[in-house]
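*Asks:* no FASTA, just this:
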């Protein structure tokens with residue numbers, strides 16, 4: 001990293017001193033609240049020499065990766081906070097998440113990935129032992145900028161890629177939750193993220209959700225497969241809206257007989273922890289395997305890992321002539337769209353999906369409305385010029 005002391009002339013005739021940082025094609029400035037007075041000002045030489053000496057002192061600290069003198073507290077509140085190194089606290093925090101059975105392995109992986117990126121940022125700023133008491137709005141803005149403009153996903157070393165909008169927002173949410181936990185533990189006095197303006201935060205992007213039309217679903221039913229169990233589980237989810245995380249652990253105990261027929265009853269969904277009951281219609285029952293004397297605790301679908309299921313489904317989609325990016329989660333989207341298209345109200349469909357907010361279901365309702373508009377337009381175009389209105 002190259003750091004240069006520069007000045008900028010003010011309207012008063014004085015010059016403001018700032019540091020110009022440059023590294024790997026990226027440049028940023030830090031104003032030091034130090035000034036050079038005009039040469040004809042009283043005692044100008046002594047004042048300017050003192051200002052430049054202070055600027056060089058700060059420059060030397062920045063070269064060593066020190067933001068400020070970390071042996072001294074900035075204010076009375078900082079003196080009351082324990083001196084915790086951010087990277088060390090992050091390690092202990094996610095270890096607690098790993099040991100907590102209420103967190104899924106996927107959640108732990110998300111936290112682990114976020115922590116790794118934060119450590120990359122600390123390394124980028126040459127501050128691996130940065131104190132938590134020093135985390136402020138400037139630090140958070142810099143971290144988010146690093147996420148958006150500098151960090152590259154290194155899962156494929158030969159082809160590093162920028163993080164997607166969804167992943168950026170996920171890491172931002174994880175960061176906020178961790179800082180909130182730090183405040184509760186008393187190692188931070190407040191979460192500086194909340195001082196950011198809306199334009200400074202990473203906005204949540206509305207993602208496009210792949211779903212299957214009725215015709216595509218019928219084509220997929222007829223498609224050959226290398227794994228019949230995966231196919232049956234996927235199609236069962238197309239008519240129930242279950243996630244992979246729930247259907248993969250579904251047992252015969254969850255299939256219950258009620259007055260209206262068979263239902264899937266789950267006490268706590270894997271993702272949300274919400275209780276849910278889904279009636280099984282004839283389409284869903286068709287893909288439910290025979291029980292054959294299985295005990296209540298045995299799994300309904302003995303399916304493989306999610307990645308293996310997705311590979312199987314992509315082959316099925318290709319065989320069916322479906323060009324969409326079909327994954328196991330597509331079944332959930334298909335259920336939502338088809339249920340709404342069939343006349344289901346948004347509130348009921350949201351309850352069947354286990355949504356905690358109606359806004360989550362609204363995404364599918366918007367898709368259905370677009371489809372209806374297209375159908376009306378095709379209807380209009382078909383009769384265009386063929387209908388004559390007599391006066």
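*Replies:* Thanks, I have it. From a predicted model like this one, the values you see are computed outputs, not experimental measurements. Numbers count the residues shown, from 1 in each chain.

*Asks:* what about the helices in the stretch 51-200 of the chain?
*Replies:* Applying DSSP state H, counting those that start in this stretch to the stretch 51-200 of the chain gives helices spanning 76-80, 86-99, 105-124, 137-149, 165-185.

*Asks:* closest to residue 302 out of the ones you listed?
*Replies:* Smallest distance to residue 302 across the helices of the stretch 51-200 of the chain (C-beta to C-beta): 19.3 Å, for helix 105-124. Placement of C-beta: from N, CA and C, glycine included.

*Asks:* show me what the closest one is in contact with.
*Replies:* Residues from elsewhere that reach helix 105-124 (C-beta atoms under 8 Å, 6 or more residues apart in numbering): 86-87, 90-91, 93-94, 97-98, 128, 130, 142-143, 146-147, 150-151, 170-171, 174-175, 178, 245.

*Asks:* in ChimeraX, how would I select the buried members of those?
*Replies:* Selection of the buried residues among these in ChimeraX, burial being defined by 16 or more other C-beta atoms under 10 Å:
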select :86,87,90,93,94,97,130,143,146,147,150,151,170,171,174,175,178
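
*Asks:* now the host helix or strand of residue 332: how far from the chain's centre is it?
*Replies:* Element membership for residue 332, per DSSP states H and E: helix 330-341. Chain-centre distance of helix 330-341: 23 Å, with C-alpha atoms, centre = their mean, to the nearest Å.

*Asks:* break the chain into its domains for me.
*Replies:* Domain ranges of the chain: 2-63, 85-200, 214-378, per automatic domain parsing.

*Asks:* what's the closest of the helices of the stretch 51-200 of the chain to residue 277?
*Replies:* The nearest among the helices of the stretch 51-200 of the chain, by C-beta to C-beta, is helix 105-124 at 24.4 Å.

*Asks:* figure out how far that closest one is from the centre of its chain.
*Replies:* Counting by C-alpha atoms, centre = their mean, helix 105-124 is centred 12 Å from the centre of its parent chain.

*Asks:* for it, buried residues please.
*Replies:* Neighbour-count burial for helix 105-124, counted by 16+ other C-beta under 10 Å, picks out 108, 110-115, 117-118, 120-122, 124.

*Asks:* try stretch 264-281
*Replies:* By 16+ other C-beta under 10 Å, the buried positions in stretch 264-281 come out as 264, 266, 269, 270, 276, 278, 280.

*Asks:* of those residues, which belong to strands?
*Replies:* If you go by DSSP state E, these have 264, 266, 276, 278 in strands.

*Asks:* now whichever helix or strand comes after the helix holding residue 332 against helix 330-341, angle please.
*Replies:* Next along the chain after helix 330-341, taking DSSP H and E as the criterion, comes helix 346-353. Interaxial angle of helix 346-353 relative to helix 330-341 (axes from the mean of the first three to the mean of the last three C-alpha atoms, to 10 degrees): 150 degrees.

*Asks:* and helix 346-353, what does it pack onto?
*Replies:* Judged by 3 or more C-beta pairs under 8 Å, 6 or more residues apart in numbering; DSSP states H and E, the packing partners of helix 346-353 are strand 276-279, helix 330-341, helix 358-383.

*Asks:* report the buried residues of it.
*Replies:* Going by neighbour count (16+ other C-beta under 10 Å), the buried part of helix 346-353 is 346, 349, 350, 351, 352, 353.

*Asks:* what mean pLDDT does it get?
*Replies:* Mean per-residue pLDDT for helix 346-353: 82.

*Asks:* and stretch 93-108, by the same measure?
*Replies:* Stretch 93-108 carries an average pLDDT of 88.

*Asks:* and it, end to end?
*Replies:* This stretch, stretch 93-108, spans 11 Å end to end (C-alpha to C-alpha, to the nearest Å).

*Asks:* show me the shaky parts of the stretch 151-300 of the chain.
*Replies:* When residues are selected by pLDDT under 70, those of the stretch 151-300 of the chain lie in 154-159, 205-209.

*Asks:* tell me where it has strands.
*Replies:* 255-258, 261-266, 276-279 (DSSP state E, counting those that start in this stretch).

*Asks:* buried ones in the first one?
*Replies:* When you say that, I think you mean strand 255-258. Using 16+ other C-beta under 10 Å as the test for burial, strand 255-258 gives residue 255.

*Asks:* and it, what does it pack onto?
*Replies:* strand 261-266.

*Asks:* for the strand it packs on, packing partners?
*Replies:* Here strand 261-266 touches strand 255-258, strand 276-279, going by 3+ C-beta pairs under 8 Å, 6+ apart.

*Asks:* parallel or antiparallel, list what pairs with that strand.
*Replies:* Within its sheet, strand 261-266 is paired with strand 255-258 (antiparallel), strand 276-279 (antiparallel), according to DSSP bridges.

*Asks:* show me where the stretch 1-150 of the chain dips below the pLDDT cut-off.
*Replies:* Along the stretch 1-150 of the chain, segments meeting pLDDT under 70 span 65-82.

*Asks:* rerun that using 90 as the cut-off
*Replies:* Flagging of the stretch 1-150 of the chain using pLDDT under 90 yields the residue ranges 1-2, 8-16, 18-35, 37-44, 58-84, 100-107, 125-129, 133.

*Asks:* please identify which helix or strand holds residue 18.
*Replies:* Element membership for residue 18, per DSSP H and E: strand 15-23.
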